[in-house]
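**Q** Okay, here's the prediction I keep looking at, along with the sequence it came from:
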Amino acid sequence: MWKSKNRMDRVAGVCVALERSVSAFALSGLVVAMLGAGGSSVAAPAPPASPTARPPPVAAPAPAAVQPSGEEIVRNCDNKSPGDDQQSQLSITLKEQSGTEKKTVYLRLWKDMKGVEDTLDKMVLFTVFPPDAKGSGFMRWAFSGASGRNAEQWIYLPVLKKIRRVSMRDLGDSFLGSDLTYGDITYRSVEEDRHELVRIDRDEGGHDYYVVQSTPKEKEPLYSKKISWYSKTANPEECVKVRVDFFDRKNAFLKREMIQWQRVGPAWVWDKVFVQNAQTFHTSFFEVSKVKINIGLKDDWFTERRLEQGLN
């Protein structure tokens, strides 16, 4: 529970703040207000029948549509194919509650390692903005949960001319200072959570969304639960996750993530992502552009030597 009425008032207004912040970043096409959305129209009453008229035949009610289970929705709509490798520009803007902003732009290289030696994927980020950070780099190797290994990470700072290994003690650690954690960007299998379809929401534009609650099975989870909105589409291949509400270990609303996707060839890639922490009011805005898919990235792009060389 919140400790004071003022705190309750601030949290009660967080959804309004979320909506305004999303609008400020011009995330056109994102579903912003889905909780409680919907409603049904009432048809005009039919004119009374003539006393001598024969009553019209009564049509049999249409059978109720069978909805997929929560697990089926997550299995189909989550973890969309990112391709075999990617090159893109990643922009991250962090904003404090005070209004102070910090923007960093990276060249991002990513490769699916297909589980070889328990390695899921490798990623490297080369900083291109701001100018005083240009040349610095970050590299991450992610491993399967079954391996029991934490991700391995390295950073390179030109001013020190040295590569430093960075330990990740907790999946709850912030990813590059943003409101997403390493756990949020790490692959999670469908079987690690219990998934329940709780309802179907409809936005003002008439688009329907599956609302799925996912509860972790592990004893010490990062979140008590997550509630996700997935687009309900005629073509199941077009179904994507557009919103996630995260709840902390005490089951208090922690943060909201809004996602807009782009299709590049056969791959699904983030377009714009907005995240706001409901407890600190810190926000993060991610934008992915200049995307290239399946360009045949070599493994030597993801080595300490290449991290030090940068884009030279």
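**A** Noted; the coordinates are in hand. Note that the structure is a prediction, hence the values are computed from the model and not measured. Numbers count the residues shown, from 1 in each chain.
**Q** OK, contacts around residue 218?
**A** Shown in contact with residue 218 (C-beta atoms under 8 Å, 6 or more residues apart in numbering): residue 192. Where C-beta positions appear, they are placed from N, C-alpha and C, glycine not excepted.
**Q** so it, which of the three states?
**A** Put simply, residue 218 is coil when judged by DSSP: H, G, I helix; E, B strand; the rest coil.
**Q** now swap in the one 5 residues further on and tell me
**A** Following three-state DSSP, residue 223 is assigned to coil.
**Q** Please identify the helix or strand for the nearest residue to it once chain neighbours are set aside.
**A** In this structure, residue 223 finds its nearest non-sequential neighbour in residue 246, 5.3 Å apart by C-beta to C-beta, 6 or more residues apart in numbering. Using DSSP states H and E, residue 246 falls within strand 241-247.
**Q** That strand pairs with which strands?
**A** Here strand 241-247 has these sheet partners by DSSP bridges: strand 225-231 (antiparallel), strand 253-264 (antiparallel).
**Q** quick one, which of the ones you listed is packed in tightest?
**A** strand 225-231 (a mean of 21; mean count of other C-beta atoms under 10 Å).
**Q** Give me the contacts around it.
**A** Contacts of strand 225-231 (C-beta under 8 Å, 6+ apart): 31, 34, 73-74, 77-78, 193, 198, 201, 207-216, 238-247, 251.
**Q** Buried residues, stretch 193-207. List them.
**A** Buried residues in stretch 193-207, counted by 16 or more other C-beta atoms under 10 Å: 193, 195, 197, 201, 203.
**Q** Over it, what's the mean pLDDT, rounded is fine.
**A** Computed over stretch 193-207, the mean pLDDT rounds to 96.
**Q** Pull the distance from that stretch to the chain's centre.
**A** Relative to its parent chain, stretch 193-207 has a centroid offset of 16 Å by C-alpha atoms, centre = their mean, to the nearest Å.
**Q** export it as PDB, just CAs?
**A** What follows is stretch 193-207, C-alpha atoms only, in PDB (Å, rounded to 0.1, in the frame of the first residue of the first chain):
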ATOM      1  CA  ASP A 193       4.900 -18.400 -16.700                       C
ATOM      2  CA  ARG A 194       1.300 -19.200 -16.300                       C
ATOM      3  CA  HIS A 195      -0.800 -17.400 -18.900                       C
ATOM      4  CA  GLU A 196      -4.400 -16.500 -18.500                       C
ATOM      5  CA  LEU A 197      -6.700 -14.700 -21.000                       C
ATOM      6  CA  VAL A 198      -8.500 -12.300 -18.700                       C
ATOM      7  CA  ARG A 199     -10.600 -10.400 -21.300                       C
ATOM      8  CA  ILE A 200     -10.700  -8.800 -24.700                       C
ATOM      9  CA  ASP A 201     -10.500  -5.000 -24.900                       C
ATOM     10  CA  ARG A 202     -11.600  -2.800 -27.800                       C
ATOM     11  CA  ASP A 203     -10.100   0.700 -28.400                       C
ATOM     12  CA  GLU A 204     -11.900   3.700 -29.800                       C
ATOM     13  CA  GLY A 205     -10.900   2.800 -33.300                       C
ATOM     14  CA  GLY A 206     -12.700  -0.600 -33.100                       C
ATOM     15  CA  HIS A 207      -9.500  -2.700 -32.800                       C
END
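**Q** As a check, name the ranges of all strands in the stretch 101-250 of the chain.
**A** In the stretch 101-250 of the chain, the segments counted as strands under DSSP state E, counting those that start in this stretch are 101-112, 119-129, 137-143, 152-157, 162-166, 193-202, 208-216, 225-231, 241-247.
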